[in-house]
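In: The following block contains a protein sequence and its predicted model.
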Amino acid sequence: MAKTILIVDDSASLRQVVGIALKGAGYDIIEACDGKDGLSKLDGQKIHLIISDVNMPNMDGFTFVQEAKKLPAYKFTPIIMLTTEAGESKKEAGRAAGAKAWMIKPFQPAQMLSAVSKLIMP
Amino acid sequence: MRKRTTIFYVIGLVAGLPGAVTALILAGVTSTGVTAALLLPLAGIACGFWAKNVCAGAMTQCADETARQTREAVKAEYAPLDLQPLGNLCQHALPIWSRQVEASRQQTETAVMDLANRFAGISNNLSTAIATSEDTAGDVHQSSESGIVAALKRSESELSELVDSIRESQRSRNEILNEVRGLTEYTQELKSMATEVSAIASQTNLLALNAAIEAARAGEAGRGFAVVADEVRKLSTLSSDTGKKMADKVNVITEAIDSAFAISERAMAHDDEALASADSAVQHTLTSFHEITGKLSASASILQTTGGEIKKEVDDILVALQFQDRTSQILAHVTSHINNLSGALKPVKGGLILDIDGSSWLAGMEQSYTTSEQRALHRGQKNAAADETETTFF
């Protein structure tokens, strides 16, 4: 059974590139275009890992992470922040919200696959 | 002003006093003299009064003129009415620029997504093709069960077994041949024995003849001996016949053995030829197999290397495709700022005003940035420092 990863980002082209990188390694992908859409996808289906952008309309990444961690089914789902921001204060905010890792765009596919396999739920 | 105007009266009075004194001196203390003395200072004061008014008027005019010029200057610098042509232009141009930037951002996004889709398709097809060819060829270096290489290896071992079994049967036949050759030794012995028997028989015959002669010489007394000698002669003839029969039989056997031997040798020679040609055919086939597996191995290596290179190219392309996301963010911010500026141009009675605070506007722009290029370019730096690329684990 292939593992499922939820990717939350307002850029369709970036969701596509992440999809290509992860599908090539055998993962299944679910896409969401902002924090609100992301929460709607957390409807009880098994999700092994979440990758989320920070700057998004409707609901930003930090809020989404906090809200997702409140849902009992997804409390322990590991979350990787994927963003153009590199500032320490933003990273601290991500850590405080509950993310497990902070990855800078543009990402190297090999790097992402390594982080995913390290953090993904069994 | 009061203190200043007093001086005019004082000067007038001072100017009139000498006149008054002179009048008194000239006319004496007469009515004329006194009147003149009084009138002259008064006239002086009146002149002072007139002078003050002229001065005050001039000063007021001067002040008014200065104020007017200052107002003109201020007007020239901040005159809201002069923004009118620029404001009108911006009201039309800013939305146009905003739409065009947004349109180009969207076009780029659509084009890059299409490119990424096609690229993903090509990449998948390549992976499938490489995987299929690897399955078909089989791995030369590993002992995999399937594939052409494994099949060739099995054929090779089966052929070797075949050649070995042919050699084995050839060896058996050699042994048989040796056995047959062994028999000829026995036939030789038999031949010599037959010759001996003939020799003994003829000697016996001779003896019998001699005995008969002696018996005849002995006359009547030798008659019994002559009979015995006769019998011995008959026996020797018999054994001579037997000997001859034996010799004939031995010849027949020897011929049979020789003939069998000759047939065997011919068959062996034939087998040798067949084996030699089979062997060479097998060797030829094995050489071809080795060539094929060698070529398969070489192309499998090339395929593996190419597959690795392609994977690296794929990874680099995936990184390059992400830059569209960055430029999209930057362009979206530009569009948003242009729209904000456009919205801040407000029409008022008499013209347009720009309803923003310059420094907080720029600070707001800087707040909205999400990339390091935007921040660097905002400060006028040309190249942004390379962003760190390591993943941070919490």
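Out: Alright, I've got the coordinates.

In: which SS state does the residue in chain A that chain B sits nearest to fall under?
Out: Nearest residue of chain A to chain B: A:Pro106, at 3.6 Å (Cβ to the nearest Cβ). Backbone N, C-alpha and C define where each C-beta goes, glycine included. Three states are possible here, and by DSSP: H, G, I helix; E, B strand; the rest coil the one that applies to A:Pro106 is coil.

In: And B:Ile45, by the same measure?
Out: With three-state DSSP as the basis, the three-state label of B:Ile45 is helix.

In: Please name the residues that touch it.
Out: B:9, B:12-13, B:16 (Cβ atoms under 8 Å, 6 or more residues apart in numbering or on different chains).

In: what residues does chain A put near chain B?
Out: For chain A, the residues in contact with chain B (Cβ under 8 Å from any Cβ of the partner chain) are A:11-14, A:16-17, A:20-21, A:24, A:54-55, A:83-86, A:91, A:94-95, A:99-111, A:115, A:118.

In: if we can go back for a sec, tell me the pLDDT of the residue of chain A closest to chain B.
Out: Turning to A:Pro106, the model gives it a pLDDT of 89.

In: Over to the one 10 residues further on?
Out: Here, the pLDDT recorded for A:Val116 equals 95.

In: list the buried ones in the helix or strand that contains it?
Out: Using DSSP states H and E, the secondary-structure element containing A:Val116 is helix A:109-119. Buried residues in helix A:109-119, counting neighbours by 16 or more other Cβ atoms under 10 Å in any protein chain shown, are found at A:109, A:111-113, A:115-116, A:119.

In: what sits up against it?
Out: Helix A:109-119 is contacted by residues A:5, A:18, A:21-22, A:24-25, A:27, A:49, A:78, A:80, A:100-101, A:103, B:314-315, B:318-319, B:389, B:391, B:393 when judged by Cβ under 8 Å, 6+ apart.

In: Kindly supply the ChimeraX command isolating those of the residues you listed that are buried.
Out: Restricted to buried positions by 16+ other Cβ under 10 Å, the ChimeraX selection for the contacts of helix A:109-119 reads:
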select /A:5,18,21,22,24,27,49,78,80,100,101,103 /B:314,315,318,319,391
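
In: taking the contacts of helix A:109-119 one by one, which sit in strands?
Out: A:5, A:49, A:80, A:101, A:103, B:393 (DSSP state E).

In: and residue 88, how many residues sit next to it?
Out: In the absence of a named chain, chain A is used. Applying other Cβ atoms under 10 Å in any protein chain shown, we find 8 other residues in the vicinity of A:Glu88.

In: think we crossed wires, I meant chain B
Out: 14.

In: Spit out the contact partners of it.
Out: Listed by Cβ under 8 Å, 6+ apart, the contact partners of B:Asn88 are B:Leu352.

In: Now do it against B:Ile302, distance only.
Out: If you measure B:Asn88 against B:Ile302 using Cβ to Cβ, to the nearest Å, the figure is 68 Å.

In: B:Asp272 touches B:Arg167, doesn't it?
Out: No - at 10.8 Å, B:Asp272 and B:Arg167 do not qualify as touching, with contact defined as Cβ atoms under 8 Å.

In: Just give the nearest non-adjacent residue to the closest residue to chain A within the stretch 251-394 of chain B, would you?
Out: When distances are taken as Cβ to the nearest Cβ, the stretch 251-394 of chain B approaches chain A most closely through B:Gln322, which lies 3.6 Å from it. For B:Gln322, ignoring the flanking residues on the chain, the nearest one in space by Cβ to Cβ, 6 or more residues apart in numbering or on different chains is A:Pro106 at 3.6 Å.

In: Run through the residues that contact the one you found.
Out: For A:Pro106, the contacting residues are B:319-320, B:322-323, B:325-326, by Cβ under 8 Å, 6+ apart.

In: what do you get for A:Ser13?
Out: The neighbours of A:Ser13, taking Cβ under 8 Å, 6+ apart as the test, are B:109, B:112-113, B:116, B:321, B:324-325, B:328.

In: from those, which two are the most distant?
Out: When the contacts of A:Ser13 are compared pair by pair using Cβ to Cβ, the farthest-apart members prove to be B:Ala116 and B:Ser328, with a separation of 13.5 Å.

In: from the chain's centre, how far out does the helix or strand containing B:Thr110 sit?
Out: Counting by DSSP H and E, the secondary-structure element that holds B:Thr110 is helix B:84-137. On the basis of Cα atoms, centre = their mean, to the nearest Å, helix B:84-137 is displaced by 22 Å from the centre of the chain it belongs to.

In: could I have the helix holding A:Val116 exported to CSV, CA atoms only?
Out: Once side chains and other backbone atoms are set aside, the C-alpha atoms of helix A:109-119 remain, and they are given as CSV (Å, rounded to 0.1, in the frame of the first residue of the first chain):
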residue,chain,number,x,y,z
PRO,A,109,14.2,16.4,-4.9
ALA,A,110,16.8,14.1,-3.3
GLN,A,111,16.8,16.2,-0.2
MET,A,112,13.0,16.2,0.1
LEU,A,113,12.8,12.4,-0.4
SER,A,114,15.4,12.0,2.4
ALA,A,115,13.5,14.2,4.8
VAL,A,116,10.2,12.5,3.9
SER,A,117,11.5,9.0,4.5
LYS,A,118,13.0,10.2,7.7
LEU,A,119,9.8,11.7,9.2
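
In: Need the three-state assignment for the spatially most central residue of chain A.
Out: For chain A, A:Ile51 is the residue whose C-alpha lies nearest the centre (Cα atoms, centre = their mean; 1.1 Å). Judged by three-state DSSP, the three-state class of A:Ile51 is strand.

In: wouldn't it be in contact with A:Val18 here?
Out: Yes - with contacts defined as Cβ under 8 Å, A:Ile51 counts as touching A:Val18 at a distance of 6.5 Å.

In: ok, A:Glu85 - how many residues close by?
Out: 22.

In: do B:Glu158 as well
Out: Counted by other Cβ under 10 Å, the residues lying close to B:Glu158 total 10.

In: next one: the one 10 residues further on
Out: Neighbour count for B:Glu168, taken as other Cβ under 10 Å: 10.

In: How much space separates it from A:Met1?
Out: As for B:Glu168, its distance to A:Met1 is 56 Å (criterion: Cβ to Cβ).

In: now swap in B:Ser133 and tell me
Out: Taken as Cβ to Cβ, the spacing of B:Ser133 relative to A:Met1 amounts to 28 Å.

In: Between those two, which is the more surrounded one?
Out: Neighbours were counted for B:Ser133 and for A:Met1 using other Cβ under 10 Å; B:Ser133 has more, 14 against 5.

In: ok, the more buried one touching B:Ile302?
Out: No - using Cβ under 8 Å as the test, B:Ser133 is too far from B:Ile302 to be in contact (10.8 Å).

In: For B:Tyr9, give me its contacts.
Out: With Cβ under 8 Å, 6+ apart as the criterion, the residues that contact B:Tyr9 are B:45, B:48-49, B:52.

In: That one: which element?
Out: Using DSSP H and E, the element containing B:Tyr9 is helix B:2-27.

In: What of B:Ala36?
Out: For B:Ala36, the enclosing helix or strand under DSSP H and E is helix B:31-78.

In: Now for the residue of the stretch 251-394 of chain B closest to chain A: which residues touch it?
Out: The contact partners of B:Gln322, by Cβ under 8 Å, 6+ apart, come to A:14, A:17, A:105-107.

In: what residues does the stretch 251-394 of chain B put near chain A?
Out: On the criterion Cβ under 8 Å from any Cβ, chain A has as its neighbours in the stretch 251-394 of chain B the residues B:314-315, B:318-326, B:328-329, B:370-372, B:387-394.

In: what's the burial count for A:Met121?
Out: Counted with other Cβ under 10 Å, residues neighbouring A:Met121 total 12.

In: I meant B:Glu366, not that one.
Out: By other Cβ under 10 Å, the residues close to B:Glu366 number 11.

In: Pull the contacting residues for it.
Out: In this structure, B:Glu366 makes contact with B:375, B:378, judged by Cβ under 8 Å, 6+ apart.
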